[in-house]
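[1] just the structure for this:
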Amino acid sequence: MLSVFMAMGLLSGCESGSRKTANENVTSAEQTDQKTAEDGKKVLTTAVSAELTTLYPLNMDIQNNIADKLVYEGLVNYVDGEVVPCLAESWEFSEDGCDITFHLKQGVTFHDGTPFDAEAVKKNFEFGMTNENFSNIAAVANLEGVDAVDEYTAVFHYPTPYFAYMMDFCYPEVMILVSPSAIEEGNYQNMKDVIGTGPYIYDELADGQYVKFVRNENYWGEKPYYDEVIVKYIPEASARLQALQNGEIDMIFGSALISWDDYEQATQLPDIKGVVAGQDSNTRNLVLNASRGPLTDKRVREAIAHAVDKQGISDGLTYGNETPAIKLFQDQIPYTDGKLNVERSYDPEKAKALLDEAGWILNSKTGIREKDGQSLALVLNYDSGIAFNKPLVTVIKSQLGEAGIEVSTVGQEQMTWWKEGVAGNYDLIIWNTEQPYTCPHNFFLPMLARTPHTPSLTGIEGSDKFLSLIKEFQTTNDAGRVEEIFTELLNFDNDNVLDLPLTYVKDVAVFNEKKISDYTFTSTPMFFDVSKIRPAE
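    Numbers count the residues shown, from 1 in each chain. So this is what the prediction gives:
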């Protein structure tokens with residue numbers, strides 16, 4: 001999600017460069033399927049709800065989670081709570097914690113034949129230093145420069161130590177390496193081409209139909225099983241399920257594309273299997289705008305916290321698969337074990353009492369509370385591109401309606417949703433937390449500049465200290481102090497009902513068992529990893 005914070009102003013898409021487009025000898029999707037079958041190639045076909053025209057790293061949206069790791073790689077990866085090597089074989093910090101020396105993997109080339117070396121790393125990250133869209137990633141935003149000490153050694157220089165630099169390098173969608181030939185100085189909206197070092201090469205874009213990736217025969221790692229991966233554009237959830245059932249596609253991946261109702265429906269179909277990730281991806285979360293309308297009164301925000309039935313959401317919308325979120329972050333997230341001052345539970349009577357106390361009196365004829373001639377009416381914004389959001393906001397609307405709060409739900413395409421949220425043009429907004437490898441630091445850090453929290457905080461007393469603590473944790477690697485800071489931040493957030501965590505997200509996949517026997521989620525479950533597919537015998 002952080003890539004959304006950083007990049008919504010740039011969603012202009014990629015240029016396909018030397019790759020073929022729909023106007024250059026590209027047949028229809030059906031003809032392509034027939035041709036690959038005749039060729040005897042091993043082809044994996046999946047689908048997304050929006051076209052993959054945003055493969056420039058900082059323009060990533062959630063649709064790209066299916067394709068990102070096909071094409072791109074970073075210096076490191078996040079596996080089971082640890083930072084592990086990828087294009088960097090090893091690294092070490094200077095004694096003062098201000099410099100990181102990366103020792104790079106040798107013999108790697110980008111898809112266009114350009115060598116991967118220290119100069120390529122230097123060009124990538126010094127380009128990122130000038131791009132304000134990296135402002136929420138301290139490992140780039142704080143970077144003073146990169147020295148290519150020799151062909152395979154790069155040293156990153158920072159003004160201060162920071163406990164989370166290496167976690168920042170784990171972003172699989174934005175902290176990746178592209179060929180220097182794809183970089184144009186000052187151009188932060190698109191690139192000449194989609195060129196990484198990954199196991200697949202971006203090969204063919206058929207506008208309105210599909211994108212095709214072909215196996216990188218020069219890949220430095222283990223060669224992938226499939227010769228081609230085709231990602232079809234199928235915007236409607238019902239049409240995706242139909243395509244899965246009739247064999248047009250082999251797999252639908254990720255909670256962004258599959259609601260739990262879709263999952264249940266799909267797994268009832270013949271030959272269709274579903275799998276659920278073993279660990280949580282992030283937290284479904286509701287942000288309350290404390291600087292606007294009725295929500296400037298903390299009692300109204302508290303009433304909402306007591307009026308939302310998280311267990312009802314878990315049972316009714318996720319079939320119990322997603323557990324209610326007691327706190328903002330899951331247990332495995334570091335620095336978040338501090339005890340909360342206040343714990344709120346579903347209590348509709350308490351919600352009504354708080355609203356009465358705040359002067360919002362129920363109109364028995366309309367069922368809506370009123371004060372000084374105004375109705376207690378709120379607008380709830382959500383990203384319509386995420387399949388689960390519509391049923392989620394429908395349930396929240398109903399639950400708040402039971403307390404006498406009128407809610408209008410507004411589904412917005414991703415760019416509009418982001419812009420309206422950051423501008424504060426909302427009362428309530430669905431805004432999920434970050435992935436485990438970037439929490440809690442990169443959930444709080446963007447609040448300094450551009451998240452829905454930024455305008456909301458202006459309505460909360462004491463927010464200046466809250467923001468100063470966010471600035472402070474960027475300048476220390478003292479684990480004890482970091483723990484203290486996040487305990488204080490989480491309590492301020494919770495005390496003031498800035499966020500209302502709902503459930504912990506579980507990612508899912510459904511697939512045709514005739515083609516795929518199983519899929520194993522990684523410890524970054526929202527990102528598809530083609531190597532984790534077990535093809536059918």
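[2] give me the neighbour count for the spatially closest residue to residue 273 that is not a sequence neighbour.
    Computed as C-beta to C-beta, 6 or more residues apart in numbering, the closest residue to residue 273 that is not its neighbour in sequence is residue 513, at 4.9 Å. For every residue, glycine as well, the C-beta is placed using N, CA and C. Residues lying near residue 513 (other C-beta atoms under 10 Å) number 13.
[3] tell me the contacts of residue 513?
    Applying C-beta atoms under 8 Å, 6 or more residues apart in numbering, we find residue 513 in contact with 271-273, 536.
[4] redo these as TSV? Include distance to residue 259.
    Below are the contacts of residue 513 laid out as TSV (distance: C-beta to C-beta, whole Å):
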residue	distance to residue 259
271	21
272	15
273	18
536	26
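[5] in ChimeraX, select just the buried ones from those residues.
    To isolate the buried members of the contacts of residue 513 in ChimeraX, using 16 or more other C-beta atoms under 10 Å:
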select :272,273
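[6] with distance to residue 528 and secondary structure added, can I get the contacts of residue 513 in CSV?
    Output for those, formatted as CSV (distance: C-beta to C-beta, whole Å; DSSP: H, G, I helix; E, B strand; the rest coil):
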residue, distance to residue 528, secondary structure
271, 21, coil
272, 18, strand
273, 16, strand
536, 18, coil
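[7] show me the contacts for residue 435.
    Residue 435 neighbours (C-beta under 8 Å, 6+ apart): 1, 281-282, 524, 526.
[8] so of these, which two are at opposite extremes in space?
    The largest separation in these, counting by C-beta to C-beta, is between 1 and 524 at 13.0 Å.
[9] for the longest helix along the chain, packing partners?
    Ranked by residue count and defined by DSSP state H, the top helix of the chain is helix 479-495. Packed against helix 479-495, as judged by 3 or more C-beta pairs under 8 Å, 6 or more residues apart in numbering; DSSP states H and E, are the following elements: helix 463-473.
[10] residue 352 should be in a strand, yeah?
    No: judged by DSSP: H, G, I helix; E, B strand; the rest coil, residue 352 forms no part of a strand; its state is helix.
[11] for it, give its distance to residue 535.
    56 Å (C-beta to C-beta, to the nearest Å).
[12] quick one, which of these two is more surrounded?
    For residue 352 versus residue 535, neighbours defined as other C-beta under 10 Å are more numerous around residue 352 (19 against 13).
[13] quick one: the closest residue in space to the more buried one that isn't next to it in sequence and residue 377, what's the gap?
    The shortest distance from residue 352 to any non-neighbouring residue, by C-beta to C-beta, 6+ apart, is to residue 403 (5.9 Å). Residue 403 is 13 Å from residue 377, where distance means C-beta to C-beta.
[14] likewise for residue 516?
    48 Å.
[15] with residue 296 instead?
    15 Å.
[16] cool, and residue 326?
    To residue 377, residue 326 is 29 Å away according to C-beta to C-beta.
[17] quick check: pLDDT value at the most far-flung residue of the chain relative to its centre.
    Distance from the centre of the chain peaks at residue 365, with 43.0 Å (C-alpha atoms, centre = their mean). pLDDT for residue 365: 95.
[18] now the phi/psi pair for it, please.
    phi -80, psi -40 (degrees, to the nearest 10).
[19] residue 325 too?
    As for residue 325, its main-chain torsions (degrees, to the nearest 10) stand at phi -90, psi 110.
[20] count the residues that sit near it.
    Other residues near residue 325 come to 23 when the count uses other C-beta under 10 Å.
[21] same question, the one 3 residues further on
    Residue 328 is flanked by 23 other residues according to other C-beta under 10 Å.
[22] got it, and residue 373?
    Using other C-beta under 10 Å, residue 373 has 5 neighbouring residues.
[23] quick check on it: phi, psi?
    Note on residue 373: backbone dihedrals following degrees, to the nearest 10 are phi 80, psi 0.
[24] and it, what pLDDT?
    The model's pLDDT for residue 373 equals 93.
[25] residue 360 versus that one, what's the distance?
    According to C-beta to C-beta, residue 373 and residue 360 sit 12 Å apart.
[26] ok, residue 202 next?
    Residue 202 sits 54 Å away from residue 360, going by C-beta to C-beta.
[27] what do you get for residue 295?
    Counting by C-beta to C-beta, the gap from residue 295 to residue 360 is 12 Å.
[28] go on, residue 515?
    Residue 515 is 56 Å from residue 360, by C-beta to C-beta.
[29] those two: who's more crowded?
    Using other C-beta under 10 Å as the criterion, residue 515 and residue 360 rank with residue 360 on top: 25 against 18.
[30] got the phi and psi for that one?
    Given degrees, to the nearest 10, the pair of backbone angles that residue 360 has is phi -90, psi 100.
[31] that one against residue 377, yeah?
    No: Residue 360 is not in contact with residue 377 according to C-beta atoms under 8 Å; the separation is 10.9 Å.
[32] need the contact list for residue 66.
    46, 48, 231, 253-254, 528.
[33] residue contacts, the closest residue to it other than its chain neighbours?
    Nearest residue to residue 66, sequence neighbours excluded (C-beta to C-beta, 6+ apart): residue 528, at 4.7 Å. For residue 528, the contact set (C-beta under 8 Å, 6+ apart) comprises 46, 65-70, 253-254.
[34] pick the one among those closest to residue 173.
    Out of the contacts of residue 528, the member with the shortest distance to residue 173 (by C-beta to C-beta) is residue 68, at 4.9 Å.
[35] count the residues that sit near that closest one.
    Using other C-beta under 10 Å, residue 68 is surrounded by 25 other residues.
[36] try residue 331
    For residue 331, the neighbour count with other C-beta under 10 Å is 10.
[37] cool, and residue 214?
    Neighbourhood size, residue 214 [other C-beta under 10 Å]: 17.
[38] just say helix, strand or coil for it.
    Assigned state for residue 214: strand (three-state reduction, three-state DSSP).
[39] so it sits against residue 200, correct?
    Yes: the criterion here is C-beta under 8 Å, and residue 214 meets it with residue 200 at 6.5 Å.
[40] so where's the stretch 401-537 of the chain uncertain?
    Within the stretch 401-537 of the chain, no stretch falls below the threshold (pLDDT under 70).
[41] can you show me the helices along it?
    414-423, 441-444, 453-457, 463-473, 479-495 (DSSP state H, counting those that start in this stretch).
[42] which elements pack onto the third one?
    So that's helix 453-457. If you count contacts as 3+ C-beta pairs under 8 Å, 6+ apart, helix 453-457 packs onto strand 283-288, helix 414-423, helix 463-473.
[43] try 10 Å this time
    Applying 3 or more C-beta pairs under 10 Å, 6 or more residues apart in numbering; DSSP states H and E, one finds that helix 453-457 makes contact with strand 283-288, helix 414-423, helix 463-473, helix 479-495.
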